[in-house]
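Q: return atomic coordinates for the entry below.
(one chain, ligands or ions: 1)
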Amino acid sequence: MKTILLTGFEPFGGEPLNPSWEAVRQLDGQRRGDHQIRAVRLSCAFGQALTELEAALAQHQPVLVLAVGQAGGRSELSLERIAINLDDARIPDNAGAQPIDSPIVADGPAAYFTTLPIKAMVAALREAGLPAAVSHSAGTYVCNHLFYGLMHEIGRGRPGCRGGFLHIPYLPEQAARHPAGTPSMSLSQIVRGLEVGLDAALHHERDLRISGGTTH
Ligand code: PCA
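A: Next up is the predicted model:
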């Protein structure tokens with residue numbers, strides 16, 4: 001049976017939990033069609049997260065990887081289009097490292113694009129009543145680092161594997177501890193979003209030609 005690898009992160013930045021791990025862990029062991037889902041929890045640490053990802057890729061040999069991370073303050077499920085070759089940490093990671101303006105892969109390309117059909121995924125999510133959008137920046141912290149490393153690793157020797165990154169909002173219980181107006185999404189909606197998004201990714205070998213662009 002083919003494997004889908006989902007990754008989530010441990011908590012960081014003083015949060016008691018990370019919704020990315022809380023969501024992906026619920027799908028561990030489940031099936032989507034003829035694919036089996038495996039969920040792995042990664043450290044929120046530059047370098048270490050990639051080492052753990054590479055071990056999971058070697059162990060599970062997935063045909064599809066969806067890495068997931070918390071993007072506190074965002075209100076939608078954000079399908080990331082592009083990973084850039086840059087670490088610039090606003091806060092130290094969980095190992096205390098705070099790289100500033102460092103390349104992730106020396107001599108690597110400036111950026112990689114996702115190989116998931118993100119437009120089709122966004123369309124399916126919105127059809128299912130879940131707010132979703134294409135995002136053109138995964139930031140410059142550990143999530144972008146992991147996304148870039150994932151696409152670099154796939155490009156180096158995993159031709160049958162497609163990969164991408166999903167940023168998700170805070171859970172309501174997290175938003176309740178932040179200033180009024182901070183957006184959130186329930187865990188059940190995020191988990192449903194993962195299911196709908198994965199089904200769309202499995203269904204669409206090629207992406208839809210519909211606009212997901214922005215003017216700013
Ligand atoms: N979000 C952080 C790193 C881990 C996570 O869940 C980010 O967006 O970079």
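
Q: buried residues in stretch 17-28?
A: Buried residues in stretch 17-28, counted by 16 or more other Cβ atoms under 10 Å: 18-24, 26-27. Bear in mind the C-beta positions are built from the backbone N, C-alpha and C, glycine included.

Q: among those, which one lies nearest to residue 193?
A: Lowest distance from residue 193 to the buried residues of stretch 17-28 (Cβ to Cβ) belongs to residue 23, with 8.2 Å.

Q: tell me which element that closest one is part of?
A: Using DSSP states H and E, residue 23 sits in helix 19-25.

Q: what helices or strands is that helix leaning on?
A: Contact here means 3 or more Cβ pairs under 8 Å, 6 or more residues apart in numbering; DSSP states H and E; on that basis helix 19-25 packs against strand 2-9, strand 35-42, strand 64-70, strand 162-168, helix 187-203.

Q: is the ligand within reach of the next helix-or-strand element following the second one?
A: Okay, so that is strand 35-42. Stepping forward along the backbone from strand 35-42, the first helix or strand reached (DSSP H and E) is helix 48-60. No - residues of helix 48-60 are not located near the ligand by Cβ under 6 Å from any ligand atom, the shortest gap being 8.1 Å.

Q: dump the helices and strands packed on helix 19-25 to TSV, plus distance to the ligand and mean neighbour count.
A: Below are those laid out as TSV (distance: least, Cβ to the nearest ligand atom, whole Å; neighbours: other Cβ atoms under 10 Å):
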stretch	distance to the ligand	mean neighbour count
strand 2-9	4	22
strand 35-42	8	20
strand 64-70	3	27
strand 162-168	6	26
helix 187-203	12	19
